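In: Structure of the sequence below:
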Amino acid sequence: MITIKTICIAGAGTMGAGIAQVCAQAGYKTILFDISASMLEKAKTGLDKSLDGLVQKQKISSDKKQNILANISFTDKIDEVKGDLIIEAIVERLNVKQEFFQTVAANNSEQTILASNTSSIPITQIAAKVPNPQRVLGVHFFNPAPVMKLVEVISGVETATEVADVCKTLIEGMGKTCVMAADAPGFIVNRVARHYYVEGLKIAEEKVADIETIDALMESSGFKMGPFKLMDLIGVDTNFSVTSSIYNLFHQDGKFRPSRIQQQKVDAGHYGRKTGKGFYTYE
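Out: Residues are numbered from 1 along each chain as shown. Reported below is the predicted structural model:
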């Protein structure tokens, strides 16, 4: 029987910090790792601010906030990444993820579950160079992790059924809605959602309408955010990387073709809200 008491999150960016908050709020001892000390400091500040917002909305008490923060420790030392479940939310590059999991696998027991928050890279590819690939799977949260209810649990070819079931139970215990997915490029949500972005970008490229009009029309149709506002929230660079990955994984299927407009934004460093400028400009 697999028991999870300690969860380690690798990557203190927006996703990693958000997942750490979710785990700590659920009462788990949580370790947040990043190679960058400045990213860890930024994550600490962000977590404090996020929890303050919950206190102000009277969703948690001040004492609860302190208990949640007490559940989280921070480290920039990879040999301290030890736990029952490790979730990586690092750069979306296969070789980097494989190298990370090889390193932490050597520092943990054979029973430690290794999970990737990847948006598009097949779990089977990630697990291919990791010892005991049956304990490797995808646990894909959506941004912002503390708010978004959906989590995809993805099984690779080697993933043990017990491991997937344990993670499903764990995620549901955190108050999330868990969807089990087979291993395929983009899994479910990112594969379906790709066209929300790609077609919006094509309409802008073809000058059928400007981005403000496209967003306004989609929002009036019932979507909470238009595609361009959503790309700015997710990160234009992150969104472009996922589109490029899915495009290549589907052998350059034209329906997933990345946009030149988005490529220009990435080249210019206009990544959206996190840089103050994307498809829109932010104060």
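In: For the chain, just list every one of the strands.
Out: For the chain, strands defined by DSSP state E occupy the ranges 6-10, 29-33, 72-75, 85-88, 113-116, 136-141, 150-155, 177-182.
In: How far off centre is the fifth one?
Out: Just to be clear, that refers to strand 113-116. On the basis of Cα atoms, centre = their mean, to the nearest Å, strand 113-116 sits 13 Å off its chain's mean C-alpha point.
In: helices or strands next to it in the packing?
Out: Helices and strands touching strand 113-116, by 3 or more Cβ pairs under 8 Å, 6 or more residues apart in numbering; DSSP states H and E, are strand 85-88, helix 94-107, strand 136-141, helix 161-173. Placement of C-beta: from N, CA and C, glycine included.
In: could you redo the last one with a cut-off of 10 Å?
Out: strand 6-10, strand 85-88, helix 94-107, helix 123-127, strand 136-141, strand 150-155, helix 161-173 (3 or more Cβ pairs under 10 Å, 6 or more residues apart in numbering; DSSP states H and E).
In: For residue 170, which non-adjacent residue is closest in space?
Out: Distance criterion Cβ to Cβ, 6 or more residues apart in numbering; nearest residue to residue 170, sequence neighbours excluded, is residue 4 at 5.8 Å.
In: quick revisit: as CSV, the helices and strands packed on strand 113-116 with mean pLDDT and mean neighbour count would be great.
Out: As requested, the helices and strands packed on strand 113-116 are exported to CSV (pLDDT from 0 to 100; neighbours: other Cβ atoms under 10 Å):
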stretch, mean pLDDT, mean neighbour count
strand 6-10, 98, 25
strand 85-88, 98, 24
helix 94-107, 96, 16
helix 123-127, 96, 22
strand 136-141, 98, 25
strand 150-155, 97, 21
helix 161-173, 97, 17
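In: circling back: report the contact partners of the residue nearest to residue 170.
Out: 23, 28-29, 83-85, 112-113, 166-167, 169-170, 173 (Cβ atoms under 10 Å, 6 or more residues apart in numbering).
In: same deal with residue 87?
Out: 7-11, 15-16, 19-20, 23, 113-117, 138-141, 167.
In: Distance check, it against residue 26.
Out: 13 Å (Cβ to Cβ, to the nearest Å).
In: Could you do residue 91 as well?
Out: In this view, residue 91 and residue 26 are 26 Å apart by Cβ to Cβ.
In: cool, residue 86 as well?
Out: Counting by Cβ to Cβ - residue 86 and residue 26 are separated by 16 Å.
In: try residue 125
Out: For residue 125, the distance to residue 26 - Cβ to Cβ - is 30 Å.
In: Tell me where the chain is predicted with low confidence.
Out: Residues of the chain meeting the criterion pLDDT under 70: none.
In: How is it partitioned into domains?
Out: 6-182, 190-267 (automatic domain parsing).
In: Straight-line length of the shortest one, end to end?
Out: So the one you mean is domain 190-267. Start-to-end span of domain 190-267 (Cα to Cα, to the nearest Å) is 23 Å.
In: ok, residue 249 - contacts?
Out: Per Cβ under 10 Å, 6+ apart, neighbours of residue 249: 120, 121, 122, 125, 184, 185, 186, 191, 256.
In: can you count the residues close to residue 38?
Out: Residues contacting residue 38 under the criterion other Cβ atoms under 10 Å number 10.
In: For it, give its distance to residue 200.
Out: Going from residue 38 to residue 200 by Cβ to Cβ gives 34 Å.
In: what's the answer for residue 12, then?
Out: Here residue 12 is placed at a distance of 31 Å from residue 200 (Cβ to Cβ).
In: do residue 169 as well
Out: Distance, residue 169 to residue 200, by Cβ to Cβ: 37 Å.
In: what comes up buried for the helix ranked longest in the chain?
Out: Criterion DSSP state H: the longest helix present in the chain is helix 37-56. Neighbour counts over helix 37-56 (16 or more other Cβ atoms under 10 Å) mark 39, 40, 42, 43, 44, 46, 47, 50, 51, 54 as buried.
In: Closest to residue 260 out of those?
Out: Nearest to residue 260 among those: residue 39, at 30.8 Å, using Cβ to Cβ.
In: Chain neighbours aside, what residue packs nearest to that closest one?
Out: Closest residue in space to residue 39, ignoring its immediate chain neighbours: residue 12 at 4.4 Å, by Cβ to Cβ, 6+ apart.
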